[in-house]
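Q: Curious how this folds, go ahead:
(chains A and B)
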Amino acid sequence: MAHEEDALEHERASWKPSPGLAVAVPDPVQNPGLPPHRARTTDKDPAAMKRAVRTVYTLFYLSLAGSIWAIAAYMLFPIESGRIIDIRHNNLFIGLGIALALFAIGVGAIHWSKAIMSDKEFIEPRHATRGRDTTREAAVEAFREANEESGFGRRAVIRNSLIAALVASVAPGIVLFRGLAPESSEEHPIAGDPVALLSHTMWKKGMRLAHDPSGEPIRAADLTLGSAVHVIPQPLAELSHHEGYLEEKAKAIVLLMRLLPEQLPAEHNNLEWAYDGIVAYSKVCTHVGCPVALYEQQTHHLLCPCHQSQFDVSRSAAVIFGPAARPLPQLPITVDDEGYLIAQDDFHEPVGPSFWERH
Amino acid sequence: MSTATVHQTDTEKTQPEKPLGGRFVAGAANYIDERTSISGFVKELGRKIFPDHWSFMLGEIALWSFVVVLLSGTFLTFFFQASMVETHYEGAYLPMVGVEMSAALDSTLRISFDIRGGLLVRQIHHWAALVFVAGIGVHMLRVFFTGAFRKPRELNWVIGFVLFILAMGEGFTGYSLPDDLLSGNGLRIIDGMIKGIPLIGTWTSFLLFGGEFPGTDIVGRLYVLHILLLPAILVALLAVHLMLMIVNKHTQFAGPGRTNSNVVGYPMMPVYMSKMGGFFFITFGVIVLIASLFTINPIWNYGPYDPSPVSAGTQPDWYIGFADGALRLVPPHLEFVLFDRTWSFNILIPLAGLGIFIVLVMLYPFIEAWITGDKREHHIAQRPRHAPTRTAIGVAGVIFYAVLWAAASSDIIATHFHLTMEGVIHTLQALLILGPIFGYFITKRIALALQKKDREIALHGYESGRIVRLPGGEYIEVHQPVDEYELVKLVDFETNAPLVVRPDDRGRIAWHQNLRSSISRWFFEDRLVPLTQADIDEARAHQHHTLEHIDAEETAEIQGAHERAGVPDAPLHPIDDGHHGETANRPSNVIIPDDDGDTKKPKKPKGD
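A: Predicted coordinates:
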């Protein structure tokens, strides 16, 4: 509306912006201009003004009290005992003091501006954002002269080779970032190969299944029907963090479940990988890698708590609901001479979320 | 700015004996100005006028909570150790003593339990971050629904959008720093998502984590992003955002005396200095109050990251919810092996969906500008009802976002309301598609209905709520006319006509012209005939006429009563109920029909 009111339009003779599809109303409703100023109570009544002034400085003094209280609370409520209640008190009372100190300043300042400062409205004209024609011409002229003097537009070879050099100069910087991840070495032949790393876990033939996190080995006979046990490879418990405990654990975690042997029909299960109704599946979700930690004993479904993918243990952990697409990889297990559960082998496919090179 | 002018204005304004603020202040001001010519700056900005409206304060919430984030975060950096070196916790919190954890979690626990007020600052930082992103969100909604992104503010919309993305990035990187169980699980999900990206996914994850997940590098790397790179970009863009706001001047709502070519409001000094400064302290104070009363992210309950355990029902910070929800709502079995490579569409579809959604949000100003072809500057913030299609699109987008957001809590919804997990997911999947569609149509109708209501009010006054029986026995609801200052807030001063395609010089119609034409027909469908001053005058005249008619009837009635009573010459006292200028009202239909092909000419409203 009312674009014709642009005070500086004559300075922008070349500028006639198109209204596009907008159609101005031929006989628009008249704008009556600013309404008459309405005096506030504080303008009319000196007592009210006095009250407002009092309110504002009271709030500022209240803020002062809040700050002093916060400092006092810092000393009055120590936390060195380590008890939760002391920490709560420390948090609460320092916090309340600071909150009061800040809040009172804010309310005081805003009350000051609303009740005491002049509430007369001012009108400021707007000017088109676009520069004046003369300014724009001068800017174009500056570029033209610079171009003329440097030959930037004319000497294409110089210009293009400069652009090429600038682009190329970024490349070494990008290459340096290869150092973000380790390279392979003689000691660690696959340390620099993510695909190889993702394709193997620390499970090996004969490695005992152990409780997570104690490392206690598990006897098949001790496993009750319907139970689900969180399992790690026995040697993992011995690893320290700097030896890759978390990285190995992130791949090797397994959920061990015992069902009735007839609940594992042969047409849906590889019974050679199970032992007497005991099956072991990777606990890493094939969706984005959360631990699939919730086992529903009655339906023998596994549920991932992150995105609700569900897997049916009686059918080789096939996906029955949710965003995951692949069944959980199965760890082939058997028992050793002493009756402890052991792995027959590593997983036969990469565990965890899908990745591009996986096939 | 020469110093001579400053001296002149100084002496003009103040008594020569005593300069403003005293000799010391004047001396200091002179010292600074002679070295910076800052007086020009003060002259430009000191009395700059800003319009007033409560919704203009939403952006300030974002701005001030960001300042709180910066202050509290700086305090935390003095104590936090961004390292994944393994230590055994020996601090004050007994249940964790002796537990093996990274230095990051150890120092976070020490901030919480061994430093007085440390927990408070940690909670201030986290709450302020949540308020920051929320503040940006509501500010963006305000700008969108009032059309304040139109020329010349499109670029500032894009900058604001980038700030929103950066704020979410800051939030996520910060959430991951303590290296506790929950943040580790969040990183695990990010790792899984990155690995699902074709071609570069595996290596991106490998480089990001410095080897296999979780590695020992990620906290340190996220820390650099969190306290250096992202804040530096954020602060720089924030400065540009505010500078452009000053250059463009703030939008204002239509009203008496408020036009597209002026700004009506209060000066920066002293009113806004006091109001904005005060609002900073209120924002800060409220955040501190929340932080002292409500626990957030109690990492001491979660313990260090371990890939094995996960607690059911955990939630990300609220602003990440929509992304997590998208991962949950994707239909099953969307992963294929093609050309010997794995295509994880169960991850790519949510990523692409969110990507398209946010890019559309970013590009919306340009899309609307292309449809309308309007190249003029717009400084009037529209009421949402005056742009029904845009408002409807906005509501559809909000519903889309809200459903994704709700989906991030699908398990909690299921357990709290005793529903099946599958039922909740399937319902949300349906809502994700249907919700925006219904929301679009309902909002458009509501916006048009509100416009019609405004029109009725402008023409026939507002419903006073009084039912009056006329002398003849007729009951009417009386309407009181709206005063002229209110009136300008109700009417829209412009209308739009859909594009009529015309062949160009060579007699052809370009395909994009046809497209624009059909989109513009959809965009401006069912618009109302704008009110003119003539309509208003006519309605007023009609109102007077009706009132006179009622008056005449009343007089006749009273005269009749006098005559029946045998005193025809008794003085006539008209009934005075204290309410004047009230008339009955009947609704009218004012939608412009587009079907007759003659779309250029707005028709006279029927039934007025």
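Q: where do the helices sit along chain A?
A: A:41-44, A:46-76, A:84-111, A:133-150, A:156-176, A:194-199, A:245-252 (DSSP state H).
Q: Check those for me and report the most buried one.
A: helix A:245-252 (a mean of 23; mean count of other Cβ atoms under 10 Å in any protein chain shown). Quick note: C-beta positions are derived from backbone N, CA and C, even for glycine.
Q: counting contacts, what elements does the helix or strand bottoming out on mean pLDDT in chain A pack onto?
A: Scoring the helices and strands of chain A by mean pLDDT, DSSP states H and E places strand A:22-24 at the bottom, with a mean of 83. Judged by 3 or more Cβ pairs under 8 Å, 6 or more residues apart in numbering or on different chains; DSSP states H and E, the packing partners of strand A:22-24 are strand B:494-496.
Q: avg pLDDT for the strand it packs on?
A: Strand B:494-496 shows a mean pLDDT of 82.
Q: and chain B, which of the helices of chain A is closest to it?
A: The closest of these to chain B is helix A:84-111. By Cβ to the nearest Cβ, the value is 2.2 Å.
Q: Check the offset of the closest one from the chain's centre.
A: 30 Å (Cα atoms, centre = their mean, to the nearest Å).
Q: In space, not sequence, find me the middle residue of chain B.
A: In chain B, the centroid-proximal residue (Cα atoms, centre = their mean) is B:Leu141; its distance is 2.3 Å.
Q: And that one, which helix or strand is it part of?
A: helix B:118-145 (DSSP states H and E).
Q: after that helix, next one along is what?
A: Next helix or strand after helix B:118-145 toward the C-terminus (DSSP H and E): helix B:154-176.
Q: what angle do that next one and helix B:118-145 make?
A: With axes from the mean of the first three to the mean of the last three Cα atoms, to 10 degrees as the basis, helix B:154-176 and helix B:118-145 are set at 150 degrees to each other.
Q: mind saving the C-alpha coords of helix B:154-176 as CSV?
A: Extracted in CSV, the C-alpha atoms of helix B:154-176 (Å, rounded to 0.1, in the frame of the first residue of the first chain):
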residue,chain,number,x,y,z
GLU,B,154,14.1,-12.4,2.0
LEU,B,155,17.9,-12.6,2.7
ASN,B,156,17.4,-12.0,6.4
TRP,B,157,14.9,-14.8,6.4
VAL,B,158,17.6,-17.1,4.9
ILE,B,159,20.2,-15.9,7.5
GLY,B,160,17.7,-16.5,10.3
PHE,B,161,17.0,-19.9,8.9
VAL,B,162,20.8,-20.7,8.9
LEU,B,163,20.9,-19.5,12.5
PHE,B,164,18.1,-22.0,13.3
ILE,B,165,20.1,-24.8,11.8
LEU,B,166,23.3,-23.7,13.6
ALA,B,167,21.4,-23.5,16.9
MET,B,168,20.3,-27.1,16.5
GLY,B,169,23.8,-28.1,15.6
GLU,B,170,25.1,-26.3,18.7
GLY,B,171,22.4,-28.1,20.7
PHE,B,172,23.3,-31.5,19.5
THR,B,173,27.1,-31.1,19.8
GLY,B,174,26.7,-29.8,23.3
TYR,B,175,24.3,-32.6,24.3
SER,B,176,27.0,-35.1,23.2
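Q: can I see the domain layout of the chain?
A: By default, I'm working from chain A. Here the domain assignment for chain A is A:41-116, A:134-164, A:194-343, based on automatic domain parsing.
Q: Not quite, go with chain B.
A: Domain assignment for chain B, taken from automatic domain parsing, gives B:3-46, B:59-295, B:461-492+B:528-608, B:494-522.
Q: which of the ones you listed has the lowest average pLDDT?
A: Among the domains of chain B, domain B:461-492+B:528-608 scores lowest, with a mean of 70.
Q: How about stretch B:404-424 and chain A, any contact?
A: Yes. Stretch B:404-424 comes into contact with chain A (Cβ under 8 Å from any Cβ of the partner chain), by way of B:Ser410, B:Asp411, B:Met421, B:Glu422.
Q: Please name the residues that touch B:Pro152.
A: A:Thr129, B:Asn248, B:Glu377 (Cβ atoms under 8 Å, 6 or more residues apart in numbering or on different chains).
Q: ranking the domains of chain B by burial, who's on top?
A: domain B:59-295 (a mean of 20).
Q: Straight-line length of that one, end to end?
A: Using Cα to Cα, to the nearest Å, the span of domain B:59-295 from its first residue to its last is 26 Å.
Q: same deal with stretch B:256-268?
A: 21 Å.
Q: residues in contact with that stretch?
A: A:1-3, A:5-7, A:31-35, A:119, A:121-126, B:45-52, B:249-250, B:252, B:255, B:272, B:377-380, B:484-485, B:488-489.
Q: Apply 6 Å and report the result again.
A: Stretch B:256-268 is contacted from outside by A:1-2, A:5-6, A:32-35, A:121, A:123-126, B:45, B:47-52, B:249, B:252, B:379-380, B:485, B:488, using Cβ atoms under 6 Å, 6 or more residues apart in numbering or on different chains.
Q: coming back round to it: of the residues of stretch B:404-424 next to chain A, which pair is most distant in space?
A: B:Asp411 and B:Glu422 (11.5 Å; Cβ to Cβ).
Q: Could you check which of those two is surrounded by more residues?
A: B:Asp411 (22 against 15; other Cβ atoms under 10 Å in any protein chain shown).
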